[in-house]
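Undergrad: 3D model of this:
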Amino acid sequence: MTRTLPSVTLLILSGLLAGCGNSQLTTGSIPEDYRARHPIVLTEAQSALDIPVAPSDYRLSTGMRDTVKGFAQKFVQSSSGYVQIQLPQGSPNAAAASHLARDIRTVLSGSGIRSDRIIMTAYGAAPSGDAAPIRLSFASTRAVTASCGNWPEDLSNDTMENRNWYNFGCASQNNLAAQVANPTDLMAPRGMTPIDATRRANVIGAYRAGTDPSSK
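TA: The predicted model follows:
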């Protein structure tokens, strides 16, 4: 009887050790990548600028002229298509809008946009109510991502998986998409520019002479 006790004890201990070996608990891991949940994609999107026009306006104000110039610079940097100028028809300010369109076209041309890249169109406006604006628009490739604020799960639920929540990283992805100057940089790097051989020689010469190689 006493000889069987060690055997039984070994069987119990081996069973406990086997149970401990089969249990797997991973801590500190985040299986979901926020870049996969909120991907940045390149798509064609419209950029628009509405210019308010009063029936008595006969020229662009200085501030509005600068605004149109900024819109033109944005077009030159991000698009190779066309700028569309949409004028209201049938509204009390239709005549003033037609007159201001000449100033707008002049500002666009002075900002580097060729005349064959400027298209004039019209849209029907109500004969009463708010003044119909002049709308400038163009289509270009932009980096966008889905809107934030989705909370499909309750954050108060206890979990042992230590995963980040669904909305995590969404704001960072939206900010990156909005700030990137050239959306194609997200697809592939640009080609390298030529080196400055003169500057490189000066830096190496100063380093060998033991002097400060920084520029003055």
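Undergrad: rest of the way, CA atoms for contacts and neighbours
TA: OK.
Undergrad: pretty sure Gln46 contacts Arg135?
TA: No - Gln46 is beyond contact range of Arg135, at 11.8 Å (criterion: CA atoms under 8 Å).
Undergrad: give me the more crowded residue out of the two.
TA: Per other CA atoms under 10 Å, whichever of Gln46 and Arg135 has more neighbours is Arg135, with 18 against 10.
Undergrad: any idea how far stretch 96-103 is from the chain center?
TA: 33 Å (CA atoms, centre = their mean, to the nearest Å).
Undergrad: please enumerate the strands of this structure.
TA: 41-51, 83-89, 118-124, 134-144 (DSSP state E).
Undergrad: those into JSON lines, with extra columns for distance to Ile104 and mean pLDDT?
TA: Converted to JSON lines, the strands of the chain look like this (distance: least, CA to CA, whole Å; pLDDT from 0 to 100):
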{"stretch": "strand 41-51", "distance to Ile104": "10", "mean pLDDT": "90"}
{"stretch": "strand 83-89", "distance to Ile104": "9", "mean pLDDT": "94"}
{"stretch": "strand 118-124", "distance to Ile104": "10", "mean pLDDT": "93"}
{"stretch": "strand 134-144", "distance to Ile104": "9", "mean pLDDT": "91"}
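Undergrad: could you dump these to a markdown table with distance to Arg208?
TA: Shown next, in a markdown table, are the strands of the chain (distance: least, CA to CA, whole Å):
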| stretch | distance to Arg208 |
| --- | --- |
| strand 41-51 | 48 |
| strand 83-89 | 55 |
| strand 118-124 | 57 |
| strand 134-144 | 46 |
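Undergrad: quick one: closest of these to Ala209.
TA: strand 134-144 (48.4 Å; CA to CA).
Undergrad: which parts of that closest one are buried?
TA: Of the residues in strand 134-144, 134-144 count as buried by neighbour count, 16 or more other CA atoms under 10 Å.
Undergrad: alright, I will stop here.
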